[in-house]
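Enquirer: Sequence and predicted structure, then a few things I'm wondering about:
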2 protein chains.
Amino acid sequence: MSDSDFQQVTESATRTTENTHNPYGPNPADFLSNVNSFQLIDSTLREGEQFANSFFSTEKKIEIAKALDDFGVDYIELTSPVASEQSRSDCEAICKLGLKAKILTHIRCHMDDAKVAVETGVDGVDVVIGTSKFLRQYSHGKDMNYIAKSAIEVIEFVKSKGIEIRFSSEDSFRSDLVDLLNIYKTVDKVGVNRVGIADTVGCANPRQVYELMRTLKTVVSCDVECHFHNDTGCAIANAYTALEGGAKLIDVAVLGIGERNGITPLGGLMARMIVAAPEYVKSKYKLHKIRDIENLVAEAVEVNIPFNNPITGFCAFTHKAGIHAKAILANPSTYEILNPQDFGLKRYIHFANKLTGWNAIKSRVDQLNLSMSDNQVKEVTSKIKRLGDIRPLNIDDVDSIIKDFHSEITTPQLQSLRNSEIEDVDVDAIDIVQPPVKKAKTDQ
Amino acid sequence: MSDSDFQQVTESATRTTENTHNPYGPNPADFLSNVNSFQLIDSTLREGEQFANSFFSTEKKIEIAKALDDFGVDYIELTSPVASEQSRSDCEAICKLGLKAKILTHIRCHMDDAKVAVETGVDGVDVVIGTSKFLRQYSHGKDMNYIAKSAIEVIEFVKSKGIEIRFSSEDSFRSDLVDLLNIYKTVDKVGVNRVGIADTVGCANPRQVYELMRTLKTVVSCDVECHFHNDTGCAIANAYTALEGGAKLIDVAVLGIGERNGITPLGGLMARMIVAAPEYVKSKYKLHKIRDIENLVAEAVEVNIPFNNPITGFCAFTHKAGIHAKAILANPSTYEILNPQDFGLKRYIHFANKLTGWNAIKSRVDQLNLSMSDNQVKEVTSKIKRLGDIRPLNIDDVDSIIKDFHSEITTPQLQSLRNSEIEDVDVDAIDIVQPPVKKAKTDQ
């Protein structure tokens, strides 16, 4: 095939739309999108209490609530006061803290629970009831008419106390669509503050979420809140797509802790949202607090931050391959969609390995304040890669190789020796950690 | 508001479509969907080598390759033979193992690399080049015409050797769409086996992925492969949505290891896919091997399995809240979309906590082979919840409370004592671990 057989490719590197809109931002076709105006309901102290390892003392709950409030979450959701006597008194204690965030508690759709909840001092009550046939058959055993009647009674009671009320179905994605829309339309008419969609088992996928959200927004006028479990790894993506489709509020937990492997994580969602709505996210939430909040909760529930956690995983901003390191040194945006500085963190160029490149090593040479030509850097890079083939390298190893090499090329005696020997050296016998230093042939 | 004000809710629990199609399966409107016919390219030994902690010896690479082959991945991708001398010889060694999986190596779009790659014995070569303006400006510095010419030369050369060739752009979601479609159309005409889309920085969201996939499928006739980084937590969802839009092959790594916080994880994607395409996934992949493969790789790169990992996280199948435990005992599908048995794992009902319910405790009473009435189980549950308010409980604690309580109600002497004292006991002073046993009042 000759050159003339393929169509001339348009060169458009100079055409850019970045000045007019954010290409990773909301899709202009999503008229209902709340990507730029979402709110967070943190449920670390409710859903998170259902995490296998959770046991929060009153003091720890208060510490977590204060940290979340300082971060800037819009709501803090607490375990039902009916769950236990301690749950009730902790709920009252947190309501008395005078936080900026509104305090919610989460109850069954039942007047017994509602009467206790409204006496705790909360700003709002989150009511939930299972609507899927699984839950109706195996959990509470009630039909949709019973659910509707209970919902109306509870909603009118809570509203009469002058506080917010949310009605959510449970297991929404395995509920009959007509049933769902019917009950939401009903509670919307009664004046519920918001309705909730819950992917209780973590089965939903993003396009299902989007479709349901769009449909629901044609039926209700109130805000929509979403709650996504992470069993199949889609909780962050589902939350984002729900906002695109018109949801307004997302339930999160620190590190995503909750039943089974949990829900949409606060930090992970921030990673997603800062890409789509950077100004909104950076102005509203104190992103540099994420690491501290995650450490606080991880310690309280005795887990480690996952190695691959968004933002705070130990290698989230570590660049290893030589080709990546080279470009990152020229412009971090080449291989980073997140800026570690936005989270009070730093990037790290991992140059101590066999995949390293000479640009990364050149950067290290500069950091060590040594002077080498590009060809000399390429030569020492070749040495480092060869040793990296043999065993894992740490920074000290690489620094030793660089410094030894630098001594060679700057010490006249060694330099003349080097020039005479350079063609004869066994390149596989490099051992720079144990002197005397053996020399590799160049790669030029 | 009276009952008559709300619309009668349709009761449709008996109407079910489960017999005709899987409601979590492919959307019938996705004519191009490969959700039921996808393939896996495992890149643990290529992308995974770029993970900060990776250093695989030849023996470890072979062990991992054999484990992946046994699991059933369709392709195994290896580091470029040009990266280092050891990379080249390891590539040759793995090609000689005679695995069922096809072996690929991953190179820059350059004849120097291609000439080395085709001599290693691989079944195919994956070629990649940056197409975004970021990478063209700061990485290789080439324009689109140069890219097209290089691609054609490499593709024709590799095809002439009788092995598979894939052409992928890098950073596809920050590349100009017209440039992208133009280059893919060009390489498709030259007869490339598949084209690749790569979200190199992890910026893509599911609906973007779907739209790009649908558009690309109108331009090329070859298969499409996708590679998603996980910086913003969407790698699994993006992979799933790509298959809905017509992609055929997904790049994965064990635990998702790769540059920064990695790519679509093998296990997490299996969790997503088994929900959508259970027969296909269960018949094609040995799902009960996931835990062993993850442990193998986690040990090799010195990380822990994340506490919230899909499928293998320590609590992925642990149910805690009383209302959940009750329903799970009646039918696991109520709160599980994944069946732990499909992965050779077991579920766990976490009843030793203050959120427990009497159904969970009843199940434990039965396991202990004790006889109690429902009211007695409710009474002992109340005791357990009160102690759970005070401190973390383990199973031994709960079993002690249950056994002590059972002794009380079955020992005539204790029983009469109990009946006379029951109204007077201080319920907050329960201490069943240290005898003598104090008794709580009932909750009836």
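Expert: Received it, and whenever you're ready, just let me know what you need. Numbering: from 1, shown residues only, chains lettered A, B, ... in the order given.
Enquirer: From now on I want contacts and neighbour counts done on CA atoms only, so please keep to that.
Expert: Noted.
Enquirer: all strands of chain A, in order?
Expert: A:39-42, A:75-78, A:102-108, A:124-130, A:164-170, A:194-199, A:223-228, A:249-252, A:318-319, A:348-349 (DSSP state E).
Enquirer: Quick one: the ones you listed as a markdown table, columns for mean pLDDT too.
Expert: Supplementary listing: these in a markdown table, determined by pLDDT from 0 to 100:
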| stretch | mean pLDDT |
| --- | --- |
| strand A:39-42 | 98 |
| strand A:75-78 | 98 |
| strand A:102-108 | 97 |
| strand A:124-130 | 93 |
| strand A:164-170 | 95 |
| strand A:194-199 | 97 |
| strand A:223-228 | 98 |
| strand A:249-252 | 98 |
| strand A:318-319 | 82 |
| strand A:348-349 | 76 |
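Enquirer: between those, which gets nearest to chain B?
Expert: Distances from chain B to each of the strands of chain A were compared using CA to the nearest CA; the shortest belongs to strand A:318-319, at 5.1 Å.
Enquirer: got JSON lines for the strands of chain A, with distance to B:Ala52 and mean neighbour count too?
Expert: Compiled in JSON lines, the strands of chain A are given as follows (distance: least, CA to CA, whole Å; neighbours: other CA atoms under 10 Å in any protein chain shown):
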{"stretch": "strand A:39-42", "distance to B:Ala52": "32", "mean neighbour count": "23"}
{"stretch": "strand A:75-78", "distance to B:Ala52": "36", "mean neighbour count": "27"}
{"stretch": "strand A:102-108", "distance to B:Ala52": "41", "mean neighbour count": "24"}
{"stretch": "strand A:124-130", "distance to B:Ala52": "43", "mean neighbour count": "24"}
{"stretch": "strand A:164-170", "distance to B:Ala52": "41", "mean neighbour count": "24"}
{"stretch": "strand A:194-199", "distance to B:Ala52": "34", "mean neighbour count": "24"}
{"stretch": "strand A:223-228", "distance to B:Ala52": "31", "mean neighbour count": "25"}
{"stretch": "strand A:249-252", "distance to B:Ala52": "29", "mean neighbour count": "28"}
{"stretch": "strand A:318-319", "distance to B:Ala52": "7", "mean neighbour count": "25"}
{"stretch": "strand A:348-349", "distance to B:Ala52": "10", "mean neighbour count": "20"}
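Enquirer: can you map out the helices along the stretch 101-250 of chain A?
Expert: Under the criterion DSSP state H, counting those that start in this stretch, helices of the stretch 101-250 of chain A are mapped to A:111-117, A:133-135, A:144-160, A:177-190, A:206-217, A:235-245.
Enquirer: Buried residues in the fourth one, which are they?
Expert: Read that as helix A:177-190. A:179-188, A:190 (16 or more other CA atoms under 10 Å in any protein chain shown).
Enquirer: Show me how far it is from its chain's centre.
Expert: The chain centroid and the centroid of helix A:177-190 are separated by 32 Å under CA atoms, centre = their mean, to the nearest Å.
Enquirer: got the angle for it vs strand A:194-199?
Expert: Interaxial angle, helix A:177-190 versus strand A:194-199 (axes from the mean of the first three to the mean of the last three CA atoms, to 10 degrees): 160 degrees.
Enquirer: same check, this time on the last one
Expert: Angular relation of helix A:235-245 and strand A:194-199 on a 0 to 180 degree scale: 140 degrees, by the same axes, to 10 degrees.
Enquirer: who does helix A:235-245 touch, helix- and strand-wise?
Expert: Using 3 or more CA pairs under 8 Å, 6 or more residues apart in numbering or on different chains; DSSP states H and E as the contact criterion, the elements in contact with helix A:235-245 are helix A:206-217, strand A:223-228, helix A:266-276, helix B:206-217, helix B:235-245.
Enquirer: pLDDT weak spots in chain A?
Expert: Low-confidence regions of chain A, defined by pLDDT under 70, span residues A:1-21, A:134-136, A:138-141, A:322-323, A:325, A:352, A:412-444.
Enquirer: Give me the domain ranges for it.
Expert: In the domain annotation for chain A, the residue ranges read A:31-301, A:318-409 (the TED database).
Enquirer: and the longest one, how far from the chain's centre?
Expert: Centroid separation between domain A:31-301 and its chain, computed with CA atoms, centre = their mean, is 17 Å.
Enquirer: Thought A:His229 was touching A:Gly262, still the case?
Expert: Yes: using CA atoms under 8 Å as the test, A:Gly262 is close enough to A:His229 to be in contact (5.7 Å).
Enquirer: show me the contacts for the residue sitting nearest the centre point of chain A.
Expert: If you average the C-alpha coordinates of chain A and look for the closest C-alpha using CA atoms, centre = their mean, you land on A:Gly268, 0.6 Å from that point. Applying CA atoms under 8 Å, 6 or more residues apart in numbering or on different chains to A:Gly268 gives the contacts A:236, A:255, A:309-311, B:232-233.
Enquirer: if we go to 7 Å?
Expert: Shown here is A:Gly268, whose contacts under the criterion CA atoms under 7 Å, 6 or more residues apart in numbering or on different chains are A:236, A:310, B:232-233.
Enquirer: so which of those would you say is closest to A:Lys385?
Expert: A:Lys385 lies nearest to A:Pro310 out of the contacts of A:Gly268, by CA to CA, at 29.5 Å.
Enquirer: and the gap between that closest one and B:Asn261?
Expert: 7 Å (CA to CA, to the nearest Å).
Enquirer: next one: A:Phe51
Expert: For A:Phe51, the distance to B:Asn261 (CA to CA) stands at 24 Å.
Enquirer: Those two: which has the busier surroundings?
Expert: When A:Phe51 is set against B:Asn261 and neighbours are counted by other CA atoms under 10 Å in any protein chain shown, the residue ahead is B:Asn261, at 29 against 24.
Enquirer: Surely A:Val254 and A:Leu266 touch.
Expert: Yes: taking contacts as CA atoms under 7 Å, A:Val254 lies within contact range of A:Leu266: 5.2 Å.
Enquirer: Since that was my last question, I'll sign off now.
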